[in-house]
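Visitor: Sequence and predicted model, in that order:
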Amino acid sequence: MSKAQQSYPVQIEQLLLQGGRVLDPQVNLDKVTDVHIMNGKIKKIGKVDAKSFKGQIVDCQDKLIIPGLVDMHVHLREPGREDKETIETGCRAAMAGGFTAVCCMPNTQPPIDSRSHVEFIKERSEGFLVDVHPIAAVTKGLQGEELTEMGDMTDGGAVGFSDDGWPVKQASLLRRALEYAKMFGHPIIDHCEELSLSEDGVMHEGFVSTGLGMKGIPSISEEITVARDLLVAEYTGGPLHIAHVSTKGSVRLIREAKKRGVSVTAETCPHYLVLTDEAVRSFNTNMKMKPPLRTDEDQQALIEALQDGTIDVIASDHAPHAIEEKETEYNTAAFGIIGLETTLGIVMTHLIAKGLITLEEMIQKMAVNPRKILRLAECSIQVNASANLTVLDPNIDWTIDKTTFYSKSRNTPFDGWPMKGGCLGVLNKGQLFLNC
Amino acid sequence: MQLKSRHLLGLEGMTKEEIHLILDTARSFKKVLERPIPTVPTLRGKTVVNLFFEPSTRTRFSFELAEKRLSADTVNFTASASSVLKGESLKDTIQNIEAMRIDLVVIRHKAEGAPYFLTRCVNATVINAGDGAHEHPTQGLLDMMTLREKMGKLEGLKVVIVGDIEHSRVARSNIHGLKSVGAQVGVCGPSTLIPREIEKLGVTVYPHIEDALQEADVLNILRIQLERQKGGLFPSLREYRSLFGITKERLDRTARDITIMHPGPLNRGVEIDSDVADSDYSVILNQVTNGVAVRMAVLYLLAGKRAKF
Amino acid sequence: MTPLNGSGEIGKGLSMKNILLVDSTGGFLFSKIGKQSMKVKSELMDGEGITRTLLRLTHEILEKNKGAKNLVIVGIRNRGDCLARRIIKHIEEIEGVQIPLGILDITLYRDDFQRITDRPLVQETDFPFDLTEKRVVLVDDVLYTGRTIRAALGALIDYGRPALIQLAVLLDRGHRELPIKADYVGKNVPTAFGEEIQVKLKEVDGEDKVLLLGPD
């Protein structure tokens, strides 16, 4: 079967997931049993007689059935750069990577800064297995000057607000944004970077950048903005979410703020957990992203922050780029890497298999917490609930091969990495998608 | 003994033996340069492209002369601002050039790692003639050749590099090369121009020139660039000179025999005074002569190494 | 393929590669043979034989050039230079004059750079005199394909315009690939392909001896 044929999910009325380990910490569920799904709803969790079952049966022996995963930080590039990714290809990549929902950032061309733009995204993704939740801009045109119509956009389906790609530059504007967003309950998601400190840096500033002679982006470029944001959030009580945390210092600041009761949540990305700035020595432009890959010490701090709950979410920051934007000198290459089809594998192989986090913690950080933070409908495995599920195969050995990606882009640093554990399939809205 | 790599991208990771092989070979070539006919037929039929994306007179002349002394065919490509504006990428440029069958590419580029990128696009042997602030390996080698000639050895020498270390590829190549052959390396300059964690490279940092003068056998003085002042990295050339300028007076006060090097071009009266540059302390002109010999050695040792398929 | 290190690797002991140095520039063919094991078939000269031969060659050189006037001896690295030194010593004994020695490294003039990938070590060429209008006697240990001598002639010309160039070799083993002939030959040794001549000299190898080697 060709890839193009596989890439469409099928609508299924009657489905039996047979003999899998069904795991959902939200309802204290952890047992090996069957799940019967009818017309997109969970009909039964328990032994079902397969012989008399009329419908499709998926053998889930030794597989894991968990709530559908959410990637709350992706760039789908539509509208504007459909050559890099479209909502459709992004959704296919998400399915293949085990996600039933993604939240797309507003730095498209034009940016998602009005209700009609939000509705455009919703319309384009209608009927897809993967739910697409737009995150709208904080400021008009991402210019950092005037607030967008957050209320209207929330009505249209926006689930959060961000000028991602850029920080909210003015503290005064961040203050107003947090105060205003509080009315709707959806968070301001800030890309924390003090531009005057990162200037035209291309990698983490430290020993490696010193050796390579490359312009550095110091840790304090991120931390100064994290500190500012936390103070503003503390002052306003507004819901703040810190995107792609990469440094030890940021972790410390967020941990302290949470202890004080500041309304803040935070995310990090798989690449910060498995790569360091040492990887830049290869001059591989797929090691270039913002914030940059940091040091071992930072990586350690991020893992601890995942363990103690300082960091609530793992998101991919899926950022597709065209070949010519990456096959170039390091300095001129675009920032960002794709991650929808690698995140789950990396987390299972390098965090869970190594005992750094548990499966339950992964479910929290990739399914439960993102929905809470963005106020999405709860998704749990119980009778009569919508069947929004991810099926994992924890034992499968596979290798990341960028040529097989559903994404339109290929800018991954993980090509050729051996993986243990991956996604068998996803189920949402009565549609089933299976990876072959 | 042979060089391990078929490219010369930097001195980082190069062994002591490899460096001495290049310097020994360069010494033989220096003899060739002193002959009535300073040309040898060794690289007849080899084509070398000098790909200069950044203005350079000295390095390009030096490479070109080295290539011609070895009887290679040379082509110069100097990227003008307009070809960059036309949007031709480095990859397109080089693939076009390689389609014309070339054996070696000498590249100077403002982006760190550009020569590494090139090795992924072409089959030709790549020689780095300076990539951003990363490395300038032939400069490092000619500096070492000049020092070995003057001092008889490199091991145990104390070399202090003075000036803008942060933005200097010459500094990085010197640090890697000199550390590899067993010299001691120090750096001295305004704190804003000393990159973070440089001590981890095994380098001593001297905040004051007087301390460096007390200990160094050799000062390698870097050109200070006016753009850095505009970038707010130091307040004025006047203050730079008063804190770090190498003057005759400063040298005489130490009463030590210190060798003075400079990769050129000189800012006389700023980082170095004329009476120092032209004194017996200075080996600056030997550096220029050795530049051609070192580049001949590098071309000789790398030409003919083929891609492994 | 590892080529012969023509004039390289002085004093690195007698590995099979070094044996093959004898006439370096025929290296392309040689190297294939070099992979087989070789054994000594016969001893062509002993120490005294070498000395006697060199003394005879010296006399011939002096006879043909009518003395040592304007004469210079140029040895090709790595054994021709040793032989050249000995000839100069003999001339001093006979004529009572010290004539100049030149040492030639022909690496840069080899004709096989397009086909080899490893680079032989370039050693210094040493001419402490002007070649112009000199009578040059080029000295090497073994004359084989003639390619070394061709390279040496190319190099010599780049140092100046001598009055004439003559060639003296300790052994001539035939199999010429170029129209080159020696003026003074110590010993003619007809050899077969696959055979090797190994010249050992005290200065390099610790003993004086010439051996004929053949495949096992």
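Guide: That came through fine. Numbers count the residues shown, from 1 in each chain, chains lettered A, B, ... in the order given.

Visitor: what does chain C have sitting close to chain B?
Guide: C:105, C:107-110, C:113-114, C:116-119, C:121-126, C:154-155, C:158-160 (CB under 8 Å from any CB of the partner chain). In this view, the C-beta of every residue, glycine as well, is placed from N, C-alpha and C.

Visitor: ranges for the helices of chain B?
Guide: With DSSP state H, the ranges of helices along chain B come out as B:16-33, B:58-69, B:81-85, B:90-98, B:114-121, B:137-151, B:169-180, B:209-215, B:226-230, B:237-244, B:248-254, B:274-277, B:284-302.

Visitor: so which of these comes closest to residue A:312?
Guide: Smallest distance to residue A:312 across the helices of chain B (CB to CB): 38.2 Å, for helix B:114-121.

Visitor: got the angle for the closest one vs helix B:90-98?
Guide: Here the directions of helix B:114-121 and helix B:90-98 differ by 60 degrees (axes from the mean of the first three to the mean of the last three CA atoms, to 10 degrees).

Visitor: what packs against helix B:114-121?
Guide: When contacts are defined as 3 or more CB pairs under 8 Å, 6 or more residues apart in numbering or on different chains; DSSP states H and E, helix B:114-121 packs onto helix B:90-98, strand B:104-109, strand B:125-131.

Visitor: any idea which of these scores lowest on pLDDT?
Guide: Lowest mean pLDDT within those: helix B:90-98, a mean of 81.

Visitor: Check whether that helix comes near chain A.
Guide: Yes: Helix B:90-98 comes into contact with chain A (CB under 8 Å from any CB), by way of B:90-91.

Visitor: hmm, who's touching that helix?
Guide: By CB atoms under 8 Å, 6 or more residues apart in numbering or on different chains, the list of residues contacting helix B:90-98 from outside reads A:324, A:327-329, B:49, B:51, B:53, B:75, B:77, B:79, B:83, B:105, B:109, B:114, B:117-118, B:121-124.

Visitor: Same check on stretch A:75-90?
Guide: The contact list for stretch A:75-90 (CB under 8 Å, 6+ apart) reads A:74, A:93, A:102, A:104-105, A:107-110, A:120-121, A:124-125, A:128, A:132, A:317-322, A:336, A:340, A:406-409.

Visitor: Among those, name the ones in strands.
Guide: Cross-referencing those against strands under DSSP state E gives A:74, A:102, A:104, A:132.

Visitor: my read: residue A:253 touches residue A:223, true?
Guide: Yes: contact criterion CB atoms under 8 Å: residue A:253 and residue A:223 qualify, at 6.5 Å.

Visitor: These two: who's more crowded?
Guide: residue A:253 (27 against 22; other CB atoms under 10 Å in any protein chain shown).

Visitor: rewinding a little: ok, of the ones in strands among the contacts of stretch A:75-90, which one's closest to residue B:223?
Guide: Residue B:223 has its nearest neighbour among the ones in strands among the contacts of stretch A:75-90 in residue A:74, at 46.7 Å by CB to CB.

Visitor: and that closest one, how many residues sit next to it?
Guide: 28.

Visitor: I figured it hits residue A:343, correct?
Guide: No: using CB under 8 Å, residue A:74 is not in contact with residue A:343, being 9.9 Å away.

Visitor: Between those two, which contacts overlap?
Guide: A:315-316.

Visitor: Would you map the helices across chain C?
Guide: Counting by DSSP H, chain C has helices at residues C:16-19, C:27-34, C:47-64, C:80-95, C:147-157, C:202-205.

Visitor: any chance of these in TSV, plus mean neighbour count, distance to residue B:137 and mean pLDDT?
Guide: Below are the helices of chain C laid out as TSV (neighbours: other CB atoms under 10 Å in any protein chain shown; distance: least, CB to CB, whole Å; pLDDT from 0 to 100):
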stretch	mean neighbour count	distance to residue B:137	mean pLDDT
helix C:16-19	18	30	34
helix C:27-34	18	30	38
helix C:47-64	16	47	95
helix C:80-95	20	34	95
helix C:147-157	22	29	92
helix C:202-205	16	35	90
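
Visitor: Beta-bridge partners for the most centrally placed residue in chain C, please?
Guide: The residue lying closest to the centre of chain C (CA atoms, centre = their mean) is residue C:140, at 2.0 Å. Residues in a beta bridge with residue C:140, per DSSP bridges, are residue C:169.

Visitor: Quick check: which ranges of chain C have low pLDDT?
Guide: Low-confidence segments of chain C (pLDDT under 70): C:1-36, C:114-117.

Visitor: can you do 90?
Guide: Within chain C, the ranges that satisfy pLDDT under 90 run C:1-39, C:41, C:77-78, C:106-132, C:157-161, C:190-195, C:204, C:214-216.

Visitor: Over to the stretch 51-200 of chain A?
Guide: A:169.

Visitor: What residues does the residue in it that chain C sits nearest to make contact with?
Guide: Residue nearest to chain C within the stretch 51-200 of chain A: residue A:200 (40.9 Å; CB to the nearest CB). Contacts for residue A:200 (CB under 8 Å, 6+ apart) come out as residue A:215.

Visitor: Just the element for it, please.
Guide: Assigned by DSSP states H and E, residue A:200 belongs to no helix or strand.

Visitor: mind checking the backbone torsions on it?
Guide: phi -100, psi 30 (degrees, to the nearest 10).

Visitor: just to revisit the earlier point, residue A:294 is nearest to which of the helices of chain C?
Guide: In terms of CB to CB, the element of the helices of chain C nearest to residue A:294 is helix C:16-19, at 50.6 Å.

Visitor: All the strands of the stretch 251-400 of chain A, residue numbers only.
Guide: A:264-268, A:313-314, A:389-399 (DSSP state E, counting those that start in this stretch).

Visitor: May I see these arranged in a markdown table, with distance to residue B:238, mean pLDDT and mean neighbour count as well?
Guide: Below are the strands of the stretch 251-400 of chain A laid out as a markdown table (distance: least, CB to CB, whole Å; pLDDT from 0 to 100; neighbours: other CB atoms under 10 Å in any protein chain shown):
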| stretch | distance to residue B:238 | mean pLDDT | mean neighbour count |
| --- | --- | --- | --- |
| strand A:264-268 | 48 | 98 | 24 |
| strand A:313-314 | 53 | 98 | 30 |
| strand A:389-399 | 61 | 96 | 19 |
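
Visitor: which residues are in contact with stretch C:165-173?
Guide: With contact meaning CB under 8 Å, 6+ apart, stretch C:165-173 is reached by C:23, C:44-45, C:50, C:53-54, C:57, C:61, C:64-65, C:83, C:87, C:135-144, C:149, C:153, C:156, C:180-191, C:197, C:199, C:210.

Visitor: Now with 6 Å, please.
Guide: By CB atoms under 6 Å, 6 or more residues apart in numbering or on different chains, the residues outside stretch C:165-173 that reach it are C:57, C:136-144, C:182-189, C:191, C:197.

Visitor: ok, back up a step: settle this for me: the residue nearest to the centre of chain C is touching residue C:81, isn't it.
Guide: No: the pair residue C:140 / residue C:81 is not scored as a contact, 9.3 Å apart, by CB atoms under 6 Å.
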